[in-house]
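**Student:** sequence first, then the predicted structure:
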Amino acid sequence: MRVISIDQLRSILANLPDNPRIVASGNFATPRTLLATLDSTVESYRLHMLNAQPGIPDRAGVTYETAFVGPGMRHHPRLVYVPCRLSLVPALFRDHHVPDAVLLHASSQRYDTVSLGTEVNVLPAAIEAARMHGGLVIVQANPNMPYTYGDAQIYEHEIDYLVEVDEPLPTHEPGAIGDIAREIGARIAGRVDQHATLQLGIGSVPDAVLAELTGHRGMRIWTEMFSDGVLALHRAGALDPQVPITASFLFGSCELYDWVHLNRSVRMMRTERTNDPAQIARQARMTSVNAALQVDLFDQANASRVKGRIYSGFGGSTDFIVGALHSRGGQSFMALPSWHAKAQVSTIVPRLTDPVTSFQHSFVVTEQGMAPCFGHSQREQAQSIISNAAHPSVRDELQDAAAAMGLL
């Protein structure tokens, strides 16, 4: 590993092959200094990031590429969406989309390592793929990035070049929990056992679920990502102190980042481990909570597309739904409001017209109620979704549609 300046970095990047594929830290760990230097040096390139946030380079010559679309790439004319479950993105890098360079946002050096901090995810696999095929691994080392353990630790011999930067980390402050999210969260929390293992994402419904669980004890976390709600569980004494929190990325407040810094009770692991359905299935009473845009009467969920156009992607929901259903005592919850207030339409539909993101859940949960699905016949399942999850104004219409499809 060589510690270099920005000027030296420019001369190195100028020698990349034509139209190189660049994999960069995503979510809220964007390596902005490295990307700005790349963009001012390389005329055209393919930028692969997961859940890219606003502010990434955007000009002719830059092609976006991702398996999970974030707001920085959403609806962009130069977006190339690659359908892929998150647990399989490492295989994508290994066999199909090999990186020419990997740009990482990491902590300052600690002994002979840096830490990927808040964003581990698919990056270890990208590093391995790049090194195997002669690509570069370049790190911006930032004293503001927390040092986390597990697969987050990257050794000097895995890094080609390191640039020292000092830039603030983006934060995500928890928002207010609305009445509908609170109702959905309370319904889900009422089904969560003591000593269960949780997977929850970010947003008002996961926040509402976690807020209802502070009185539980012996809770465990095995999740793709987490935010400040897990810190609240820790402070309430709800977490099992003998079992480390296992996750692949995180984002939240400065307080959360300070808490995870050098905290050995938090393991930031690579996606192949956190999102492996077999590993998930081994967790005690695995409880998975995910969100959807629509659910139909076959218990199929669309969480990826709006009017046929890609909005996000599979993410890790499919991995955790399967893993939770295989776990002894496990449950998979699919949560959504029963009515889309902006579009003024029901989110429970007879049959999805957009591609299916996931199917077979333990429960579909809205503010109207909780519909048991797994273990029931398709007729019982359809009736349960209509009676318990759908908005009252569309239940008769859904009943007629179900009859026409031979479900009732």
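**Tutor:** Great, that's in hand.
**Student:** around residue 96, how many other residues sit close by?
**Tutor:** For residue 96, the count of nearby residues is 10 (other C-beta atoms under 10 Å). No exception for glycine: its C-beta is placed from N, CA and C like everyone else's.
**Student:** against residue 361, how distant is it?
**Tutor:** Distance of residue 96 to residue 361, given as C-beta to C-beta, to the nearest Å: 30 Å.
**Student:** now residue 349
**Tutor:** Taken as C-beta to C-beta, the span from residue 349 to residue 361 is 16 Å.
**Student:** which of those two has more neighbours?
**Tutor:** Between residue 349 and residue 361, counted using other C-beta under 10 Å, the more crowded position is residue 361 (27 against 19).
**Student:** doesn't the more buried one lie inside a helix?
**Tutor:** No - counting by DSSP: H, G, I helix; E, B strand; the rest coil, residue 361 is not part of a helix but coil.
**Student:** that one: what's it in contact with?
**Tutor:** Residues near residue 361 by C-beta atoms under 8 Å, 6 or more residues apart in numbering: 299, 301, 321, 332, 333, 334, 373, 374.
**Student:** name the nearest of these relative to residue 139.
**Tutor:** Checking the contacts of residue 361 against residue 139 with C-beta to C-beta, the nearest one is residue 321 at 34.4 Å.
**Student:** phi first, then psi, for the closest one.
**Tutor:** Torsion angles at residue 321 (phi, psi; degrees, to the nearest 10) stand at phi -60, psi -50.
**Student:** same check, this time on residue 239
**Tutor:** Per degrees, to the nearest 10, the backbone of residue 239 is at phi -90, psi 150.
**Student:** doesn't residue 221 make contact with it?
**Tutor:** Yes - shown here, residue 239 and residue 221 form a contact pair, counting by C-beta atoms under 8 Å, at 7.0 Å.
**Student:** which neighbours do those two share?
**Tutor:** In contact with both residue 239 and residue 221: 230, 233, 245, using C-beta under 8 Å, 6+ apart.
**Student:** that older thread, got TSV for the contacts of residue 361, with neighbour count, pLDDT and distance to residue 254 too?
**Tutor:** Listed next are the contacts of residue 361 as TSV, based on neighbours: other C-beta atoms under 10 Å; pLDDT from 0 to 100; distance: C-beta to C-beta, whole Å:
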residue	neighbour count	pLDDT	distance to residue 254
299	23	97	40
301	26	97	34
321	26	96	33
332	25	97	33
333	26	97	30
334	29	96	32
373	25	97	40
374	13	96	40
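**Student:** in helices only, show me those residues.
**Tutor:** The helices in this structure, assigned by DSSP state H, contain residue 321 from those.
**Student:** this protein: helices as residue ranges?
**Tutor:** Going by DSSP H, the chain shows helices at 6-13, 32-41, 89-95, 123-132, 179-189, 204-211, 228-235, 254-260, 271-274, 277-281, 317-326, 378-384, 395-404.
**Student:** ok now the fifth one, how far from the chain's centre?
**Tutor:** Between the mean C-alpha location of helix 179-189 and the chain-wide mean there is a distance of 21 Å, by C-alpha atoms, centre = their mean, to the nearest Å.
**Student:** what's that helix packed up against?
**Tutor:** helix 204-211, strand 331-335, strand 363-366, strand 369-372 (3 or more C-beta pairs under 8 Å, 6 or more residues apart in numbering; DSSP states H and E).
**Student:** make a markdown table from those and add distance to residue 28 to it.
**Tutor:** Supplementary listing: those in a markdown table, determined by distance: least, C-beta to C-beta, whole Å:
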| stretch | distance to residue 28 |
| --- | --- |
| helix 204-211 | 16 |
| strand 331-335 | 23 |
| strand 363-366 | 28 |
| strand 369-372 | 32 |
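**Student:** worst mean pLDDT among the ones you listed?
**Tutor:** Mean pLDDT values for the helices and strands packed on helix 179-189 show the minimum at helix 204-211, a mean of 92.
**Student:** can I assume residue 201 is in contact with residue 288?
**Tutor:** No - the pair residue 201 / residue 288 is not scored as a contact, 9.9 Å apart, by C-beta under 8 Å.
**Student:** if you count surrounding residues, which of the two has more?
**Tutor:** For the pair residue 201 and residue 288, the greater number of neighbours falls to residue 288 (31 against 21), based on other C-beta under 10 Å.
**Student:** residue contacts, that one?
**Tutor:** Counting by C-beta under 8 Å, 6+ apart, residue 288 has contacts 199, 280, 317, 320, 321, 323, 324, 330, 331, 332, 333.
**Student:** same question, residue 76
**Tutor:** So residue 76 contacts 58, 64 (C-beta under 8 Å, 6+ apart).
**Student:** kindly recompute the last result at 10 Å.
**Tutor:** Neighbour list for residue 76: 52, 58, 62, 63, 64, 69 [criterion: C-beta atoms under 10 Å, 6 or more residues apart in numbering].
**Student:** pull out the buried members of those.
**Tutor:** Neighbour counting with 16 or more other C-beta atoms under 10 Å marks 52, 62, 63, 64, 69 as buried within the contacts of residue 76.
**Student:** okay, now the nearest residue to the first one once chain neighbours are set aside: neighbour count?
**Tutor:** Spelled out, that is residue 52. Leaving out its chain neighbours, the residue that sits closest to residue 52 by C-beta to C-beta, 6 or more residues apart in numbering is residue 72, at 3.7 Å. Residue 72: 20 surrounding residues under other C-beta under 10 Å.
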